[in-house]
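[1] Here is my input; please provide its structure:
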Amino acid sequence: SVTDRCNFRCNYCMPKEVFDKNYTYLPHTDLLRFEEITRIARLFVAHGVEKIRLTGGEPLLRKNIEILIGQLAELRTPAGAPLDITLTTNGSMLARKAQVLKDAGLQRVTVSLDGLDDAVFRQMNDVDFPVAEVLEGIEAAKQAGLGLDAHGRFSGLKVNMVVKRHTNLDQILPMARHFRGTGIALRFIEYMDVGATNGWRMDEVVPSSEVLHTLQQEFSLVPLPAKSTGETAQRWGYADDSGAHDPTLGEVGFISSVTQAFCGDCNRARLSTEG
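    Predicted coordinates for the structure are as follows:
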C-alpha cells in the first residue's frame, strides 16, 4: 500500500460518512519512501517472493509512482528472473498514466469497475465520476500492452466488480457481455466488511453462487483449475459449442471472501502505507 488516500468514496470501502473533509490522512513524511519499499521488497524477494502488487488507497495518487515501479523492476529473484509487478487501481487516472507505467516496468494491472451503467457507477463511487473515463483507462492499458501475454490475449489485465445487492445487481450480465471475448478476466467480489467503516450488512451480500447462477442463465461456463497455490479467485471459463473452454472467449472469477473464506492456504504478506 503506497498511499492511504483515494479520490473515490465507494460506500463499501471509504464511505463519505467516515472519510469526509475532516478525516486525517497520514502526512507525507510518515509514508514509506520508495527506497524503503524497494529495500523491504528486495529482502522478501531473497526469501522467495516473486510477485509484487501495488495498492492504496488509490496508488496512482502517489506522486511519481513510476519511479518506484522502475526500482522494483530492477530486482531479480535468486534465480535471476524479473519480478511479476502489478497494480490495482480505480482507473480514474489510468488513461494518462498507462504508457508511463508500462515503460517503467509495470506488467499487469487490475481495474476496479462496479458497473457499466453511468448512473450506477456514479452512485457506487459517490464522487460523480463517469464510467467512460475508466473505460478509457482500460483501453489505454491495452494500447500500452499491459497484461498482454504470449498468445496476444490480455490475460494479465483484470477487472474487479464488487457486487452489492441493492445497488448494482443488474450490472452482472452487462459486465460479462462487455468483457467476454476481450481477453480481460472479469472477477466478481462479494461485498464485505472493510476495516469496520462501511456499515457492512450481510443482507447486502450477493453470494458468488448466486452470481454464477445468474451468469449461467445466459452463458455456458466450465470450472478452471487454479493457476497457483493461494489463488483467491475461483475461475470459470466460457465454453464453446462442444462444452470445452474456449480461451478466446476468456473467463470470469469469483472472490468469495464472505461465503467461502480462502485464508487456509494464503501466501501473501502486506506492507502497509507506513510500514
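
[2] Can you tell me which helices and strands the helix or strand containing residue 109 packs against?
    Using DSSP states H and E, residue 109 sits within strand 108-112. Under the contact definition 3 or more CB pairs under 8 Å, 6 or more residues apart in numbering; DSSP states H and E, strand 108-112 sits against strand 84-89, helix 94-104, helix 131-144, strand 157-163. (Each C-beta comes from the backbone N, C-alpha and C, glycine too.)

[3] Only C-alpha atoms, please: export that strand in PDB.
    Taking Å, rounded to 0.1, in the frame of the first residue of the first chain, the C-alpha atoms of strand 108-112 are listed here in PDB:
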ATOM      1  CA  ARG A 108      -0.100  -6.100 -15.400                       C
ATOM      2  CA  VAL A 109      -3.000  -4.100 -13.900                       C
ATOM      3  CA  THR A 110      -6.300  -4.800 -12.200                       C
ATOM      4  CA  VAL A 111      -9.000  -2.200 -12.600                       C
ATOM      5  CA  SER A 112     -11.900  -1.800 -10.100                       C
END
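
[4] Can you give the distance of that strand from its chain's centre?
    On the basis of CA atoms, centre = their mean, to the nearest Å, strand 108-112 sits 5 Å off its chain's mean C-alpha point.

[5] Repeat that for stretch 244-260.
    Mean-position distance between stretch 244-260 and its chain equals 14 Å (CA atoms, centre = their mean).

[6] do the same with stretch 112-131
    In terms of CA atoms, centre = their mean, the centre of stretch 112-131 is found 16 Å from the chain centre.

[7] which residues are in contact with that stretch?
    Contact with stretch 112-131 is made by 7-11, 15-16, 88-92, 132, 134-135, 138, 159-162, 164, 167-168, 170-171, 174-175, 178, as judged by CB atoms under 8 Å, 6 or more residues apart in numbering.

[8] for the stretch 151-275 of the chain, which spans come out with low pLDDT?
    For the stretch 151-275 of the chain, the stretches with pLDDT under 70 are 193-200, 262, 275.

[9] switch the cut-off to 80
    Residues of the stretch 151-275 of the chain meeting the criterion pLDDT under 80: 151-153, 155, 192-203, 228-231, 261-265, 274-275.

[10] so where do the helices sit in it?
    172-179, 208-216 (DSSP state H, counting those that start in this stretch).

[11] and the helices and strands packed on strand 108-112, which is most packed in?
    Scoring the helices and strands packed on strand 108-112 by mean neighbour count under mean count of other CB atoms under 10 Å gives strand 157-163 as the most buried, with a mean of 23.

[12] What helices and strands are in contact with it?
    Packing partners of strand 157-163 (3+ CB pairs under 8 Å, 6+ apart): strand 108-112, helix 131-144, helix 172-179, strand 185-190.

[13] contacting residues around that strand?
    With contact meaning CB under 8 Å, 6+ apart, strand 157-163 is reached by 10, 12, 88, 108-115, 124, 138, 141-142, 146-148, 168-169, 171-172, 175, 179, 183-191, 206, 211, 255.

[14] Please apply the same query to stretch 50-63.
    Counting by CB under 8 Å, 6+ apart, 1-8, 31, 41, 65, 68-69, 72, 77, 81, 83-90, 92-94, 97, 273 sit against stretch 50-63.

[15] before we move on, back to that, can you lay out the helices and strands packed on strand 108-112 as TSV showing distance to residue 51?
    Putting those into TSV (distance: least, CB to CB, whole Å) gives the following:
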stretch	distance to residue 51
strand 84-89	4
helix 94-104	16
helix 131-144	18
strand 157-163	14
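
[16] Minimum distance to residue 27: which of the ones you listed has it?
    The closest of the helices and strands packed on strand 108-112 to residue 27 is strand 84-89. By CB to CB, the value is 23.2 Å.
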